[in-house]
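**Student:** Starting from these lines, generate the structure:
(2 chains, ligands or ions: 2)
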Amino acid sequence: MFDFSVVTTWIDEGLRGIMPASGAIAIECVLIGVLLLAVYAVFALVLILAERKVCAAFQCRLGPNRVGPWGSIQTVADMVKIITKEIISIRHVDSFLHNLAPFLVIIASLLAFSCIPFAKGLQILDFNVGILFMVAASSIGIVGILLAGWSSNNKFSLIGAMRSGAQMISYELSIGLSIMTIVVLSGTMQISELVESQNDLWFIFKGHIPACIAFVVYLIAGTAETNRGPFDLPEAESELTAGYHTEYSGMHFGFYYVAEFVNMFIVAAIATTVFLGGWMPLHIPGLDAFNQAMDYIPSLVWFLAKSVVMVFVIMWFKWTFPRLRIDQLIRLEWKYLLPLNLVNLIVMVLIVALGWHF
Amino acid sequence: MNSLVKYFSDFFSALKSLLTGMKTTLKVFFRKKTTELYPEKRGSLYVAEQFRGRLEMVHTEDNHHHCVACGICQMNCPNGTIQVESQTVTNAEGKSEKVLVAYRYDLGKCLFCELCVRTCPHHAIRFTNRFENAVFTREKLALVLNRPGSSLQPKPAKPAPADTNTNPAKPE
Ligand code: SF4
Ligand code: SF4
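**Tutor:** Residues are numbered from 1 along each chain as shown, chains lettered A, B, ... in the order given. Ligands and ions are numbered 1, 2, ... in the order given. Next comes the predicted model:
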């Protein structure tokens, strides 16, 4: 299977050959930064288009179909539009915080995005507590959302932000615990090792019942974490106009929009990495010919295919379920998901201790 | 104890209903889409029969209409869209009788409320589902609905209300 670290070491050695190590590292940092931003933007565009198409299909419509073949460059046109739009400055807002908030959200999302292992050897941040860092970094975004609500001088924004705070802090627990279940099984927090140790079998099969429960809980909590329907009450259009980003315009609004969609992908990517083997092809112990055939499919394709399926499931949630009320939302987390998760974690510990996993 | 049972039964029944919902939406996801591609598939559009595109006057094959120029539609029109121009003539039997000269209908003013069609005692007018009403000047929206040279359907033939409103969309 092709290892992308071949490419990166080749570039690294080439640069070190013609300049001192510090220069090479500086250039690499800039290159990686630019690449990361570009990939981030492309993902956002593709995801927004996908969301619109999937939403249309769930409503028996065709969705965007005018700009480009099957509407494929619709979101590019939208991007150009939103970039050229004026950023309206609003009176009586705390303008420093107001302008800072969208950047916090997008930085949190970018940090988490850079931890994703896209393919074998194609990962930017990888260290021994990688998955913990990823969960921690992605929750910086809540600060941005709270700031947005607080600084907007608008009660809708503030209500939306408070709801978002309550929701995210609650569901963060479930995400952490369900990932912890798998960390217990794998014995590592490093993302690359997490993927490597799924070489023989994906964790969702290896950990059977508790892993499946953790997977479902993770999906629910992950959907809540991204503020998407049915948990979209921080922005609840019908009640709060647009919730915490009501007062934002132009590209500042665009940042929230883009971050929301890429966060959805990040949630799907973590689900893929932690439960479905990341870029690891489907390997079944004992079937060597089958395993080898699977290895011919590039790891990038495996990763993207699994993530796309997960993204579809999250979209499917959104277009199926009605929005929860805030008390129902909090009750779901604290009375159902959290106890379930804790019991599940103990079961997983027992299974690992007794060696009952595959 | 009871509440514990309720806790778990609630949990599983909720799970079941969520899955039912997801099954339903997945079915809809793969259903045939209802969007009509307008300029591309212009010849094969499906427009609902009862769609009120524009008013038209029913004409028989030998260029007769059923309008007796009573003006009921004009009186019932809430927006003054219809002007029934008539003329009093003496017919063969020596009786004086109103005859339709021009049935003026201003599409630009019409509310598409269909009150005119419902109140016409002779089913002389109906709505078609032709929807391509856009033109460049307002004058083009002022239509005369009775065809040139048309006349009232002679008495014995009763007006046929049954075949009204069955006009498929036909592009112009
Ligand atoms: S549809 Fe309504 S507004 Fe239009 S002509 Fe008939 S009565 Fe008048
Ligand atoms: S269209 Fe009907 S209601 Fe109107 S003038 Fe003619 S007969 Fe009377």
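**Student:** what about residue 51, how many residues close to it?
**Tutor:** Chain wasn't specified; assuming chain A. Other residues within reach of residue A:51, judged by other CB atoms under 10 Å in any protein chain shown, total 21. Where C-beta positions appear, they are placed from N, C-alpha and C, glycine not excepted.
**Student:** meant chain B actually
**Tutor:** 13.
**Student:** ok, it to residue B:128 distance?
**Tutor:** Using CB to CB, to the nearest Å, one gets 9 Å for the distance from residue B:51 to residue B:128.
**Student:** Looking only at residue counts, what's the top helix in the chain?
**Tutor:** No chain was given, so I picked chain A. Counting by DSSP state H, the longest helix found in chain A is helix A:21-58.
**Student:** ah, no, chain B please
**Tutor:** Assignment by DSSP H gives helix B:2-29 as the longest helix of chain B.
**Student:** which residues in chain B form helices?
**Tutor:** Using DSSP H, the helices found in chain B span residues B:2-29, B:72-76, B:115-119.
**Student:** so does the last one get close to ligand 1?
**Tutor:** Pointing back at helix B:115-119 there. Yes - Helix B:115-119 lies within reach of ligand 1 by CB under 6 Å from any ligand atom, at B:115-116.
**Student:** And for the residue in the stretch 151-300 of chain A that ligand 2 sits nearest to, the neighbour number?
**Tutor:** Taking CB to the nearest ligand atom as the measure, the point where the stretch 151-300 of chain A comes nearest ligand 2 is residue A:238, at 44.5 Å. Close neighbours of residue A:238, defined as other CB under 10 Å, add up to 6.
**Student:** Now do the contacts for residue A:342.
**Tutor:** The neighbours of residue A:342, taking CB atoms under 8 Å, 6 or more residues apart in numbering or on different chains as the test, are residue A:177.
**Student:** show me what contacts the residue of the stretch 51-200 of chain A found nearest chain B?
**Tutor:** Of the residues in the stretch 51-200 of chain A, the one nearest chain B is residue A:62, at a distance of 4.1 Å by CB to the nearest CB. With contacts taken as CB under 8 Å, 6+ apart, residue A:62 has the following neighbours: A:56, B:33, B:35, B:37.
**Student:** before we move on, the earlier item: any chance of JSON lines for the helices of chain B, columns mean pLDDT, distance to chain A and mean neighbour count?
**Tutor:** Rendered in JSON lines, the data for the helices of chain B read as follows (pLDDT from 0 to 100; distance: least, CB to the nearest CB, whole Å; neighbours: other CB atoms under 10 Å in any protein chain shown):
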{"stretch": "helix B:2-29", "mean pLDDT": "86", "distance to chain A": "4", "mean neighbour count": "11"}
{"stretch": "helix B:72-76", "mean pLDDT": "91", "distance to chain A": "38", "mean neighbour count": "17"}
{"stretch": "helix B:115-119", "mean pLDDT": "91", "distance to chain A": "31", "mean neighbour count": "16"}
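**Student:** Quick check: end-to-end length of stretch A:124-138?
**Tutor:** The straight-line separation of the ends of stretch A:124-138 (CA to CA, to the nearest Å) is 16 Å.
**Student:** Can you give me the buried ones in that stretch?
**Tutor:** For stretch A:124-138, the neighbour count (16 or more other CB atoms under 10 Å in any protein chain shown) marks A:124-125, A:130-135, A:137-138 as buried.
**Student:** What backbone torsions are found at the spatially most central residue of chain A?
**Tutor:** When chain A is reduced to its mean C-alpha position, the nearest residue by CA atoms, centre = their mean turns out to be residue A:266, at 1.5 Å. Main-chain torsions, residue A:266, degrees, to the nearest 10: phi -60, psi -40.
**Student:** Go ahead and confirm it touches residue A:114.
**Tutor:** No - the criterion here is CB atoms under 8 Å, and residue A:266 misses it with residue A:114 at 10.2 Å.
**Student:** Distance check, residue A:302 against residue A:39.
**Tutor:** Taking CB to CB as the criterion, residue A:302 is separated from residue A:39 by 18 Å.
**Student:** Which one of these two is surrounded by more residues?
**Tutor:** For residue A:302 versus residue A:39, neighbours defined as other CB under 10 Å are more numerous around residue A:302 (23 against 16).
**Student:** Is the host helix or strand of the more buried one in proximity to chain B?
**Tutor:** Using DSSP states H and E, residue A:302 sits within helix A:299-318. Yes - Helix A:299-318 lies within reach of chain B by CB under 8 Å from any CB of the partner chain, at A:316-317.
**Student:** Determine the angle, from 0 to 180 degrees, between that helix and helix A:21-58.
**Tutor:** Angle of helix A:299-318 versus helix A:21-58, following axes from the mean of the first three to the mean of the last three CA atoms, to 10 degrees, is 40 degrees.
**Student:** ok and helix A:299-318 relative to helix B:2-29, angle-wise?
**Tutor:** Interaxial angle, helix A:299-318 versus helix B:2-29 (the same axes, to 10 degrees): 110 degrees.
**Student:** Run through the neighbouring helices and strands of helix A:299-318.
**Tutor:** Helix A:299-318 is packed against helix A:21-58, helix A:208-225, helix A:250-275, helix B:2-29, with contacts defined by 3 or more CB pairs under 8 Å, 6 or more residues apart in numbering or on different chains; DSSP states H and E.
**Student:** Run through the residues of chain B sitting next to chain A.
**Tutor:** By CB under 8 Å from any CB, the part of chain B that sits against chain A consists of B:11, B:18, B:21-22, B:24-26, B:28-29, B:31-35, B:37.
**Student:** Please repeat the previous calculation with a cut-off of 6 Å.
**Tutor:** With the criterion set to CB under 6 Å from any CB of the partner chain, chain B comes near chain A through B:21-22, B:25, B:29, B:31, B:33-35.
**Student:** Output the helices and strands packed on helix A:299-318 in TSV, with distance to residue A:233 appended to each entry.
**Tutor:** Rendered in TSV, the data for the helices and strands packed on helix A:299-318 read as follows (distance: least, CB to CB, whole Å):
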stretch	distance to residue A:233
helix A:21-58	19
helix A:208-225	10
helix A:250-275	14
helix B:2-29	18
